[in-house]
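S.K.: Show me the folded form of this:
(one chain, ligands or ions: 3)
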Amino acid sequence: MNFNRQIQTLDEFTIQQLRDFPEATGELSHLLRNIGLAAKRVNVEVNKAGLVDILGDAGTINVQGEEVKKLDVFANDQFTRVLHHGIACAGIASEELDDFVAFDDAKSINSKYVCLFDPLDGSANIDVNVSIGTIFSVYRRVTPVGTVVTREDFLQPGNQQVAAGYVVYGSSTMMVYATRRGVNGFTLDPSIGEWTLSHPDITCPDKGRIYSVNHGNFFKYDEGVRNYITACQQKDKTNGGPYTQRYIGSMVSDVHRNLIKGGIFMYPGTTGKPNGKLRLLYECNPFAFIVTKAGGRATNGTIPTLDVIPTELHQRSPFFVGSSRMMDELETYL
Ligand code: AHG
Ligand code: MN
Ligand code: MN
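M.R.: Ligands and ions are numbered 1, 2, ... in the order given. Here you go, the predicted structure:
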């Protein structure tokens, strides 16, 4: 190992960014640091998932009516605990919990931010050693600091996000997060246990060659979506097709790849589920924010995802996200 290598750690990076804003309190840096800490703990468990008795079902069904895997529960606990112990978070909402959790101790009620997360995304892939992830979203609370947070702090439109990000537990472990200042990626260096800046200032190519969708649902999509998918498969002088189809079934990995390489990811509504499967607050909004900050776009098929006013914590939404020119093309079909 080359110890002379220049590295910038996540902590150094967030502190550096703070210096440009003398009025900033540093709470967001703390929050990101805590998320990084929880993710490292989850990473340790994900890495040995095949070795220990942590695979399989926890025997409970989550609020979405799905089986909860043990690692989902573990990840949910880690993120909740680390954020509760930290000084920057006044409450959380999670895909795995029926309701939000308000941290009502004296320290937490004085925190500015709430955090929403999907602690383990793509959990059906755990048992088969395929990349999974964590998705998170940070909002400034709308209720006064010094009080206990309420539902309205969580039910904010995505355009109010202060930061959003994800962790991919993949061939290497990466954390990517966006603020209004841009999108940056950090790779976990396991030899020193530090997140190190590896992908500064990520921008999404305005066009790519990848489309990602669950083809098995093709005949359940509406006509516009079917026509767009068919166009992706056809050779066309204007769009440069045919495109390549890539779909892992872990949204974090699918969107991460498309963000870096250029592409489009879709989880449309189906005949049985007009709002699709993905959750607006835990999955769609964070990715809409990240990809939009990187120069791409996201829509529910009608309006930009970030403009949707949420009414329920666990509401679902059709979701289309990706390279800006591919999104333009898609919208001509919808
Ligand atoms: P989760 O594991 O948090 O429930 O999310 C899985 C999601 C998402 O990651 C993925 O893109 C999608 O489910 C795959 O769904 P289909 O199998 O219906 O395509
Ligand atoms: Mn998910
Ligand atoms: Mn999940």
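S.K.: worst-scoring helix or strand of the protein, pLDDT-wise?
M.R.: Taking mean pLDDT, DSSP states H and E as the measure, strand 67-69 is the helix or strand of the chain with the lowest mean score, a mean of 55.
S.K.: Could you look up the SS state of the residue most central in space within the chain?
M.R.: The central residue of the chain, meaning the one whose C-alpha is nearest the mean C-alpha position (C-alpha atoms, centre = their mean), is Ile135 at 3.2 Å. The three-state label for Ile135, taken from DSSP: H, G, I helix; E, B strand; the rest coil, comes out as strand.
S.K.: how close does it sit to ligand 2?
M.R.: 7 Å (C-beta to the ion, to the nearest Å). Bear in mind the C-beta positions are built from the backbone N, C-alpha and C, glycine included.
S.K.: for that residue, what are its contacts?
M.R.: Counting by C-beta atoms under 8 Å, 6 or more residues apart in numbering, Ile135 makes contact with Phe117, Asp118, Asp121, Ala164, Gly165, Tyr166, Met251, Val252, Tyr282, Glu283, Pro286, Phe287.
S.K.: so how many other residues sit close to the fifth one?
M.R.: When neighbours are defined as other C-beta atoms under 10 Å, Gly165 has 27 of them.
S.K.: For stretch 289-307, output the C-alpha coordinates as PDB.
M.R.: What follows is stretch 289-307 as a C-alpha-only set of coordinates in PDB (Å, rounded to 0.1, in the frame of the first residue of the first chain):
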ATOM      1  CA  PHE A 289     -32.300  15.200  -6.100                       C
ATOM      2  CA  ILE A 290     -28.900  13.500  -6.700                       C
ATOM      3  CA  VAL A 291     -29.400  13.000 -10.500                       C
ATOM      4  CA  THR A 292     -30.900  16.500 -10.900                       C
ATOM      5  CA  LYS A 293     -27.900  18.000  -9.100                       C
ATOM      6  CA  ALA A 294     -25.700  16.000 -11.500                       C
ATOM      7  CA  GLY A 295     -27.400  17.500 -14.500                       C
ATOM      8  CA  GLY A 296     -30.000  14.800 -15.200                       C
ATOM      9  CA  ARG A 297     -33.800  14.800 -14.500                       C
ATOM     10  CA  ALA A 298     -36.500  12.800 -12.800                       C
ATOM     11  CA  THR A 299     -40.300  12.700 -13.200                       C
ATOM     12  CA  ASN A 300     -43.300  10.600 -12.100                       C
ATOM     13  CA  GLY A 301     -44.500  10.700 -15.700                       C
ATOM     14  CA  THR A 302     -46.500  13.900 -15.200                       C
ATOM     15  CA  ILE A 303     -44.500  16.300 -13.100                       C
ATOM     16  CA  PRO A 304     -40.900  16.500 -11.800                       C
ATOM     17  CA  THR A 305     -40.600  14.100  -8.900                       C
ATOM     18  CA  LEU A 306     -39.100  16.800  -6.700                       C
ATOM     19  CA  ASP A 307     -42.300  18.900  -7.100                       C
END
